[in-house]
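1. Turn this into a structure:
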Amino acid sequence: MFEKNAEAPLNPHFLFNSMNAIRYMIFENQDLASDLLGKLAELIRYQLNDGVGNTSVSDDLTQLAHLLDLEALRLEERITITKQFTKLSSPYPLACSLLLPIVEYVFIKKDIYSVSHNELLVSTNETGGVLTFTLKLTQTPKIKSGDLPLNELIAKLGLGNVCSATQTCDATTYTMELTFNNEY
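-> As a prediction, the model looks like this:
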């Protein structure tokens with residue numbers, strides 16, 4: 001759903017599945033359904049404006065939290081999501097969304113949608129003016145092996161001077177860290 005190209009169409013699969021999940025939630029919990037509908041609207045607005053103006057890591061984290069809430073609703077018992085975002089000392093300006101396209105890329109390449117159970121931990125840590133974003137995905141029965149070309153994706157987004165990626169992958173867990181350069 002979140003590509004650098006502002007002209008890119010919205011991902012209909014994500015939209016229809018999210019709207020359908022919200023539709024069923026209306027009968028169970030109207031307040032939660034209303035909250036999720038608002039988050040979906042915010043995500044759509046954010047995606048349509050992405051690339052047009054500047055954004056920030058803070059804004060990206062807010063929208064990422066919305067995306068994760070919607071994914072938790074869509075995938076129900078197939079995913080457990082833990083978000084541990086620390087309060088940032090600065091917004092960390094970005095020219096365009098970075099976290100959303102990378103997280104979605106990981107979701108697609110590690111195939112969270114067809115695995116029986118996913119445990120996802122996303123967190124931030126800020127030490128000495130350096131911000132680190134961590135995504136840890138554990139899957140049962142196993143995870144697709146191999147690293148992803150994240151530094152290429154970061155360069156394609158035009159943010160190679162802003163951060164770099166490191167990653168590890170074993171039989172069940174994939175971990176990615178984005179370290180933001182404190183000098184940009």
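2. ends of stretch 165-180, how far apart?
-> 9 Å (C-alpha to C-alpha, to the nearest Å).
3. what's the spacing between it and its chain's center?
-> The chain centroid and the centroid of stretch 165-180 are separated by 14 Å, computed with C-alpha atoms, centre = their mean, to the nearest Å.
4. Stretch 129-143 too?
-> Per C-alpha atoms, centre = their mean, the centroid offset for stretch 129-143 relative to its chain is 11 Å.
5. which stretches of the protein aren't confidently modelled?
-> Within the chain, the stretches with pLDDT under 70 are 1-10, 50-53, 182-184.
6. Which stretches in it count as strands?
-> Assigned by DSSP state E, the chain shows strands spanning 55-56, 79-84, 93-94, 117-127, 130-140, 163-169, 173-180.
7. got TSV for the ones you listed, with distance to residue 26 and mean neighbour count too?
-> To be clear about C-beta, it is placed using only N, CA and C from the backbone, and glycine gets the same treatment. Formatted as TSV, these follow (distance: least, C-beta to C-beta, whole Å; neighbours: other C-beta atoms under 10 Å):
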stretch	distance to residue 26	mean neighbour count
strand 55-56	31	20
strand 79-84	21	14
strand 93-94	35	18
strand 117-127	25	17
strand 130-140	30	18
strand 163-169	39	17
strand 173-180	34	19
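8. Among these, single out whichever gets nearest to residue 71.
-> Closest approach to residue 71 among the strands of the chain is made by strand 79-84 (6.5 Å; C-beta to C-beta).
9. Can you tell me which helices and strands the closest one packs against?
-> helix 57-75, strand 117-127 (3 or more C-beta pairs under 8 Å, 6 or more residues apart in numbering; DSSP states H and E).
10. can those go into JSON lines with extra columns for distance to residue 170?
-> Formatted as JSON lines, these follow (distance: least, C-beta to C-beta, whole Å):
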{"stretch": "helix 57-75", "distance to residue 170": "23"}
{"stretch": "strand 117-127", "distance to residue 170": "14"}
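11. Out of these, which gets nearest to residue 177?
-> Nearest to residue 177 among the helices and strands packed on strand 79-84 is strand 117-127 (9.3 Å), distances taken as C-beta to C-beta.
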